[in-house]
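Asks: Fold the following for me, if possible:
(one chain, ligands or ions: 1)
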Amino acid sequence: MITQKIFNDTETAFKLKSDEELNRGLFLFGMINRPTLVKFGTALTKFSLRFHLPVEGLIRSTIFNQFSGGETMEECMPGIEKMYTKRLHSILDYSVEGKEQEEQFDAAMKKKISIIEFAAKRKELPFAVFKPTGIGRLAIWEKVSSKVTLSPEEEEEWNRVQRRVENICEAAYQNDISVLADAEESWMQQAADELMERMMQKYNQEKAIVFNTLQCYRWDRLQYLQNLHEKGLREGFKIGAKIVRGAYLEKENERARKLGYPSPICENKEATDVSFNGVLSYCLSNIEDISLFIGTHNEVSNYLALQILEDKNLEINDHRVWFSQLLGMSDHISYNLAKKGYNTAKLVPFGPVREVVPYLIRRAEENTSVKGQTGRELSLLLEEKKRRKGESSKATREKYSPSRVKENAN
Ligand SMILES: Cc1cc2nc3c(=O)[nH]c(=O)nc-3n(C[C@H](O)[C@H](O)[C@H](O)COP(=O)(O)OP(=O)(O)OC[C@H]3O[C@@H](n4cnc5c(N)ncnc54)[C@H](O)[C@@H]3O)c2cc1C
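Replies: As a prediction, the model looks like this:
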């Protein structure tokens, strides 16, 4: 039985953090904990960047340093190597968003391929990742998802998007690096699901190279997975499943309300938890056919996965099961899992400060809206500060104990 609460070990969680870094974390999560401040800070950041005010230094020394690895792959490497000394892997995520031009999409594809080639030479980097709307307009993904007839120009555009995805997956296959496709808004996801399914058919013949993301706040995901699994069995390909709860909750519910269709999202958080844990259990029960990448900061779901691994007598470092958290968040989960020997990776976003801001804002907003997450980060940081203080007073007491003083005098 997994009864020992391994995530409570703050010494392991923050071993690599200096006192100064702990204080920075406390300051930052303290700020993020205040929704009005996040709203105001977000608006101010957007305004400042739009009008080219010199705020990069401030962004860099606060949220950028907390949630991002650096501006370039090379700049991220010292941090990544440091994490690897604690057996924690990384995934480089070029987090430049919101582009609309074809040349920008081609450049993004090339960047993703260069990351795959970079990762292939480094043991610290077992995965690569891409976001569908980073290589094609949201509008074209949406149109293909809605199954309306495309104009000849749109057909051409869609062919280019498919080719970019194909090139990324082909590079991943050639370099033996697994690739994760992020999931986004439900109204573009159908096209992404179908395309990623075709990529799995092509590249996952022997093992899972291509992973699609399942957002389990959607109530239809277990059924989707079961159908995909049956297809994989029929046609002889493996499934790569990256499972998350989902990051577009408010947007999804608001659109469904506005347009008057039933929301694709579970009715409450508890239902999302049941859905996530159900999908997790299904994957681990079919591990011969489904490789699993678990992206969550939820302790209960992580413990559940450990318990199922134990119940099914699976190796804790089974190559088909990975755990992952975002850089700057839930170090108590990542470092403790890695220390025990579970396959664990931090998702490390990078890119020019200005370009990474939309990603950083999402993280800050998510931390504000996700009930309990920031409070947990704060309490762990405080606990570690207290523990270090206790350690240093103990060391001082020992240094000046009568027996030690006498020993030194001799
Ligand atoms: C490595 C990694 C990769 C990720 N990749 C993606 C991705 O590709 N696409 C994506 O969308 N997200 C992605 N995310 C973000 C993820 O979807 C979650 O938003 C985030 O991790 C918080 O969920 P949790 O399981 O960690 O924590 P928890 O705190 O347990 O869950 C919070 C989540 O529960 C759900 N929730 C909260 N309130 C309600 C409610 N009232 N009703 C229904 N559901 C509710 C929401 O999804 C919310 O984000 C990723 C996260 C990680 C760690």
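
Asks: Skipping adjacent residues, who's closest to whatever residue of the stretch 251-400 of the chain ends up closest to the ligand in space?
Replies: Across the stretch 251-400 of the chain, the shortest distance to the ligand (CB to the nearest ligand atom) belongs to residue 295, at 3.0 Å. Quick note: C-beta positions are derived from backbone N, CA and C, even for glycine. Spatial nearest neighbour of residue 295, excluding adjacent residues (CB to CB, 6 or more residues apart in numbering): residue 244 at 4.4 Å.

Asks: what's across from the one you found in the sheet?
Replies: residue 215 (DSSP bridges).

Asks: got the contact list for the residue of the stretch 251-400 of the chain closest to the ligand?
Replies: For residue 295, the contact set (CB atoms under 8 Å, 6 or more residues apart in numbering) comprises 213, 242-244, 324-325, 347.

Asks: Mark which of those residues are part of strands, please.
Replies: 213, 242-244, 324-325, 347 (DSSP state E).

Asks: ok, which of those residues also contact the ligand?
Replies: Filtering these for neighbours of the ligand using CB under 6 Å from any ligand atom leaves 213, 244, 324-325, 347.

Asks: quick one: the helices in the stretch 151-300 of the chain?
Replies: 152-175, 186-203, 221-235, 249-259, 269-285, 299-311 (DSSP state H, counting those that start in this stretch).

Asks: and the protein, which of its residues are near the ligand?
Replies: Residues of the chain lying near the ligand by CB under 6 Å from any ligand atom: 182-183, 213, 215, 217, 244-249, 265-266, 268-269, 272, 295-298, 324-326, 347, 366, 370, 373.

Asks: I'd like to know which of those residues are buried.
Replies: Neighbour counting by 16 or more other CB atoms under 10 Å classes 182-183, 213, 215, 217, 244-249, 265-266, 272, 295-298, 324-326, 347, 366, 370, 373 among those as buried.

Asks: Pipe the helices of the stretch 151-300 of the chain into a markdown table and attach mean pLDDT and distance to residue 83 per row.
Replies: Putting the helices of the stretch 151-300 of the chain into a markdown table (pLDDT from 0 to 100; distance: least, CB to CB, whole Å) gives the following:
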| stretch | mean pLDDT | distance to residue 83 |
| --- | --- | --- |
| helix 152-175 | 98 | 22 |
| helix 186-203 | 98 | 28 |
| helix 221-235 | 98 | 30 |
| helix 249-259 | 96 | 29 |
| helix 269-285 | 98 | 25 |
| helix 299-311 | 97 | 18 |
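
Asks: just these: most buried one?
Replies: Of those, the one with the most neighbours on average (mean count of other CB atoms under 10 Å) is helix 186-203, at a mean of 20.

Asks: Measure how it sits relative to helix 221-235, angle-wise.
Replies: Relative orientation of helix 186-203 and helix 221-235, computed by axes from the mean of the first three to the mean of the last three CA atoms, to 10 degrees: 20 degrees.

Asks: Specify the angle between helix 186-203 and helix 152-175 in degrees.
Replies: Using the same axes, to 10 degrees: helix 186-203 against helix 152-175 is 50 degrees.

Asks: What segments of the stretch 301-410 of the chain are helices?
Replies: 331-340, 353-369, 373-399, 402-409.

Asks: ok so, going back, greatest separation within the ones in strands among the contacts of residue 295: which pair is it?
Replies: 213 and 325 (15.1 Å; CB to CB).

Asks: Could the C-alpha coordinates of stretch 336-347 be exported in PDB?
Replies: C-alpha atoms of stretch 336-347 as PDB (Å, rounded to 0.1, in the frame of the first residue of the first chain):
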ATOM      1  CA  ASN A 336       9.900  13.400  -4.700                       C
ATOM      2  CA  LEU A 337       8.700  11.200  -7.600                       C
ATOM      3  CA  ALA A 338      12.100  11.500  -9.300                       C
ATOM      4  CA  LYS A 339      13.900  10.600  -6.000                       C
ATOM      5  CA  LYS A 340      11.800   7.400  -5.600                       C
ATOM      6  CA  GLY A 341      12.700   6.400  -9.200                       C
ATOM      7  CA  TYR A 342       9.500   7.200 -11.100                       C
ATOM      8  CA  ASN A 343       9.900   8.600 -14.600                       C
ATOM      9  CA  THR A 344       9.300  12.300 -14.100                       C
ATOM     10  CA  ALA A 345       9.800  15.400 -16.300                       C
ATOM     11  CA  LYS A 346       9.400  19.100 -15.900                       C
ATOM     12  CA  LEU A 347       7.800  21.000 -18.800                       C
END
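
Asks: How about residues contacting that stretch?
Replies: Residues outside stretch 336-347 that contact it (CB under 8 Å, 6+ apart): 6-7, 9, 12-13, 83, 86-91, 93, 126-127, 129, 295, 302, 306, 316-319, 321-327, 334.

Asks: The same query, at a cut-off of 7 Å, please.
Replies: For stretch 336-347, the surrounding residues in contact (CB atoms under 7 Å, 6 or more residues apart in numbering) are 6-7, 9, 12-13, 83, 86-91, 93, 126-127, 316-317, 321-327, 334.
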